[in-house]
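> pasting the sequence and the predicted model now:
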Amino acid sequence: MIYTVTFNPSLDYIVTVDDFKLGLTNRTTSELMLPGGKGINVSIVLGNLGIDNTALGFTAGFTGKEIVRRVEELGVKSDFIPIEEGFSRINLKLKSIDGTEINGSGPVISQEKIDQLMEKLHVLTSKDILVLAGSIPSSMPDDMYSKIMAELQDTGAMIVVDATRDLLVNVLQYHPFLVKPNNHELGEIFDVELKTREDVVPYARKLQEMGATNVLVSMAGEGAVLVAADGSVSAAPAPKGTLVNGVGAGDSMVAGFIAGWMEKHSYEHAFHMGVSSGSASAFSELLATKEEIQAVYQQVISM
């Protein structure tokens, strides 16, 4: 079984406002409400690819109930831990103003609730995959990911981590199967600017030296790079298509890589599936369907 953990899930309210003006009343021309959070996005794309998985995390209040309803409506199993106080966050994304978002804070997570999550994770075995993705609430310890990996290192579970800076660096000693920074996040770790696919390779290898098994680097319009456990390096330019919605593209890449690895245990195939899934989501209003991913896959393998 694959499990994803989203510590701070959200309802993403995605709106278009034509000719947005500060200080005035603006009206939307399009609206979309989706369950959000990196782990949830991974779960949805895995589900779209026909792979059973369970979404874990914490939810609170009326927004938390709506997140659970929408996740399950999309066919994903969920086992969220309810928080009695506060409410899960709402993230406002202004689609018409590129990159403009207002993200909520989310509820306070007590140690009791963290312990409940750890109990759920202790059922994992070497047959399971765990995806730790995204940020953590300020109420949780900043070494949460590494604490989870330390607890689970004897289970043999395959662990994938999609996080930034210290959250990512601190888990490397526990040898995650896959880490997926983007080129900017990788550059921040080493205080360098990484613009090309060639640039990222030596720094991806440095993450391997620090403990990562496979390093997958997403680069938006520049494509992606995989430095794999067998020493191979795979690189691909971005597939051709029209960018419609970049939200969730990186999470889709993680899901595609996992799906490809499970299918053939081939790093090349997993990489191609990752690139195809990430791009297919970027070309779609919603997270990519299996058919959309397969269509982009044909383009990727012919590049």
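It's in.
> C-alpha from now on. contacts and neighbour counts both.
Noted.
> ok, for residue 261, nearest residue in space, not its chain neighbours?
Distances taken as CA to CA, 6 or more residues apart in numbering put residue 270 closest to residue 261, at 4.8 Å, once the chain neighbours are dropped.
> confirm the one you found sits in a helix?
Yes - using DSSP: H, G, I helix; E, B strand; the rest coil, the assignment for residue 270 is a helix.
> so who does it touch?
Applying CA atoms under 8 Å, 6 or more residues apart in numbering to residue 270 gives the contacts 256, 257, 258, 259, 260, 261, 264.
> what about the last one, neighbour count?
Counted by other CA atoms under 10 Å, the residues lying close to residue 264 total 11.
> quick one, phi/psi of it?
Main-chain dihedrals, residue 264, degrees, to the nearest 10: phi -130, psi -10.
> so what's it closest to, chain neighbours aside?
Once flanking residues are discounted, residue 264 sits nearest to residue 270: 7.9 Å by CA to CA, 6+ apart.
> quick check: that neighbour vs residue 259, distance?
7 Å (CA to CA, to the nearest Å).
> where along the chain do the strands fall?
2-6, 10-16, 30-36, 53-60, 77-78, 81-83, 89-94, 100-102, 129-133, 158-162, 178-179, 214-218, 224-227, 233-236 (DSSP state E).
> okay, those strands in CSV with mean neighbour count and distance to residue 195 next?
Shown next, in CSV, are the strands of the chain (neighbours: other CA atoms under 10 Å; distance: least, CA to CA, whole Å):
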stretch, mean neighbour count, distance to residue 195
strand 2-6, 24, 30
strand 10-16, 21, 29
strand 30-36, 16, 28
strand 53-60, 24, 34
strand 77-78, 19, 38
strand 81-83, 18, 40
strand 89-94, 21, 26
strand 100-102, 13, 23
strand 129-133, 24, 24
strand 158-162, 22, 20
strand 178-179, 28, 19
strand 214-218, 26, 11
strand 224-227, 27, 11
strand 233-236, 18, 14
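> of those strands, which is nearest residue 116?
Closest to residue 116 of the strands of the chain is strand 81-83 (CA to CA; 7.7 Å).
> how close does residue 63 sit to residue 81?
Residue 63 is 14 Å from residue 81, where distance means CA to CA.
> out of the contacts of residue 270, which are buried?
Buried subset of the contacts of residue 270 (neighbour count, 16 or more other CA atoms under 10 Å): 256, 257, 258, 259, 260, 261.
> the last one against residue 255, yeah?
It stands for residue 261. No - with contact defined as CA atoms under 8 Å, residue 261 does not count as touching residue 255 (10.0 Å).
> comparing the strands of the chain by mean pLDDT, which bottoms out?
Of all the strands of the chain, mean pLDDT reaches its minimum on strand 100-102 (a mean of 86).
> on contacts alone, who are the packing partners of that strand?
Helices and strands touching strand 100-102, by 3 or more CA pairs under 8 Å, 6 or more residues apart in numbering; DSSP states H and E, are strand 89-94.
> mind checking how far the strand it packs on is from the chain centre?
Strand 89-94 sits 17 Å away from the centroid of its parent chain (CA atoms, centre = their mean, to the nearest Å).
> each with direction, which strands does that strand pair with?
Strand 89-94 has the following strand partners under DSSP bridges: strand 10-16 (parallel), strand 100-102 (antiparallel).
> right, and those strands - which one's nearest residue 287?
The closest of those to residue 287 is strand 10-16. By CA to CA, the value is 13.0 Å.
> report the contact partners of the closest residue to residue 17 other than its chain neighbours.
Distances taken as CA to CA, 6+ apart place residue 28 nearest to residue 17, at 4.6 Å, with adjacent residues excluded. Going by CA under 8 Å, 6+ apart, residue 28 touches 15, 16, 17, 18.
> ditto for residue 52
With CA under 8 Å, 6+ apart, residue 52 has these contacts: 1, 2, 46, 76, 77.
> go on, residue 211?
Per CA under 8 Å, 6+ apart, neighbours of residue 211: 172, 173, 174, 175, 176.
> mind doing that once more with 7 Å?
Neighbour list for residue 211: 172, 173, 174, 175 [criterion: CA atoms under 7 Å, 6 or more residues apart in numbering].
> from residue 254, how far off is residue 198?
Taken as CA to CA, the span from residue 198 to residue 254 is 21 Å.
> mind checking pLDDT for residue 68?
Per-residue confidence (pLDDT) for residue 68: 97.
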